[in-house]
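Asks: sequence? don't have it. structure:
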């Protein structure tokens, strides 16, 4: 009996149905480690961005780790999917630079908006509004979302390594960075190492690539050993937790702030779920995700809890694709990632020493893995191909998953109507297209 339990993974098999999903404990744990390594940057970047608004850096660090832990464990046990959650990039920038700096509100007011958004999301999840949106997106667009996310992730990787840089001053959107810089050299070495491991079909190639690249970064001066040891007590939540400001919440400004948080979070999350699920083979024959309601609920609760603890909107992370690329197929991947967020509270110096240039090769190669659904997109029907193409290219060019979906869905509706095929468009798609157009016109 004990040997059978060991073979089946015991608790893990019973909880996460590993054999049913064609995976095992080792694969899932490695996948969870890889996901965490590629998104651990949020532990330092999120506090940096939110501290610009006046929030306490240490408090936000602890809030980031705990909210990520809670939301990711909910994803693991409610939905049994290999997706990790954390405070989202873009949403934290909107929090600081638009709401606080641009509109002149306090960070407490912005945090209140995030809390209200989370409550609205929970309500929308119970009424299956977000689930209906997910299911209304046509299959070709769902596959295009996967490809677009792949290009978006690759761009993030190249940017993190300094291989491509923003060159607006030179008249270009992005350009080639200095390939002789230590960060770029390290990323290129990491690409070669990780590519070799993949070619040799080494299990956990992305994870081991990150580890090797981090070590190589030491003599290059990119990886910096932490000062004061690898263990530290987590900073207090007291300066940021439950710091809400209820004055002026019934105003047009709050409505605009709430709508923006809702819009970006809904379509970033849905886009990530579609893209990563498509790559992982989790969508059913109708292109639907069987437990999408539970997955979206984990996201909504994560946002609400995160706001109470003192951080911006929690969302499903696109870096989850790195764990899926390593073979992660169940909640055990998310469970592993969640435990690492818990450990990061104590071993934060260790996790934060991993440089962006060391995780960049994994993100770039995940971009390659995410490209495969393009073979299944109907490129002969231009009412399908053009929206799919716009979805793919606007994610990296617009630096936003949500904007890629907007371009794809609006063009899909317009082309179908102009081609005399309006019945191929669902009622929800018509409503969303109108809302998207109104948003662009009036906001």
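Replies: Structure received. Keep in mind that this is a model prediction, so the values were computed, not measured.

Asks: now the element after the longest helix seen in the chain, going C-ward?
Replies: Criterion DSSP state H: the longest helix present in the chain is helix 252-280. Next along the chain after helix 252-280, taking DSSP states H and E as the criterion, comes helix 292-309.

Asks: remind me which residues of the protein are low pLDDT?
Replies: Applying pLDDT under 70 to the chain flags residues 1-9, 167-174, 442-443.

Asks: most centrally placed residue in it?
Replies: residue 317 (1.7 Å; CA atoms, centre = their mean).

Asks: I'd say that residue and residue 82 touch.
Replies: No: proximity of residue 317 to residue 82 does not meet the contact threshold set by CB atoms under 8 Å, at 11.3 Å. In this view, the C-beta of every residue, glycine as well, is placed from N, C-alpha and C.

Asks: now for the two: what residues contact both?
Replies: residue 35 (CB atoms under 8 Å, 6 or more residues apart in numbering).

Asks: give me phi/psi at residue 381?
Replies: With angles defined as degrees, to the nearest 10, residue 381 sits at phi -90, psi 110.

Asks: oh, I was asking about residue 248
Replies: phi 70, psi 30.

Asks: now for the longest helix of the chain, which elements pack on it?
Replies: For helix 252-280, the packing partners by 3 or more CB pairs under 8 Å, 6 or more residues apart in numbering; DSSP states H and E come out as helix 91-93, helix 107-126, helix 129-136, helix 139-161, helix 292-309, strand 314-316, helix 320-325, helix 401-418.

Asks: now do the buried residues in the helix or strand following the fourth one.
Replies: Using DSSP H and E, the helix or strand that follows helix 139-161 in sequence is strand 164-166. For strand 164-166, burial by neighbour count (16 or more other CB atoms under 10 Å) applies to 164-165.

Asks: paired strands for strand 164-166, with orientation please.
Replies: Take DSSP bridges as the rule and strand 164-166 pairs in its sheet with strand 174-176 (antiparallel).

Asks: just to revisit the earlier point, contacts only, for the residue nearest to the centre of the chain.
Replies: Counting by CB under 8 Å, 6+ apart, residue 317 has contacts 35, 39, 42, 83-86, 88, 272.

Asks: save those as CSV, and put in secondary structure too.
Replies: Supplementary listing: these in CSV, determined by DSSP: H, G, I helix; E, B strand; the rest coil:
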residue, secondary structure
35, helix
39, helix
42, helix
83, coil
84, coil
85, strand
86, strand
88, coil
272, helix
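
Asks: measure the residue lying closest to residue 191 once chain neighbours are set aside to residue 333 for me?
Replies: The shortest distance from residue 191 to any non-neighbouring residue, by CB to CB, 6 or more residues apart in numbering, is to residue 361 (4.5 Å). Residue 361 sits 20 Å away from residue 333, going by CB to CB, to the nearest Å.

Asks: more neighbours: which of those two?
Replies: Counted by other CB atoms under 10 Å, residue 361 and residue 333 do not tie: residue 333 has more neighbours, with 36 against 27.
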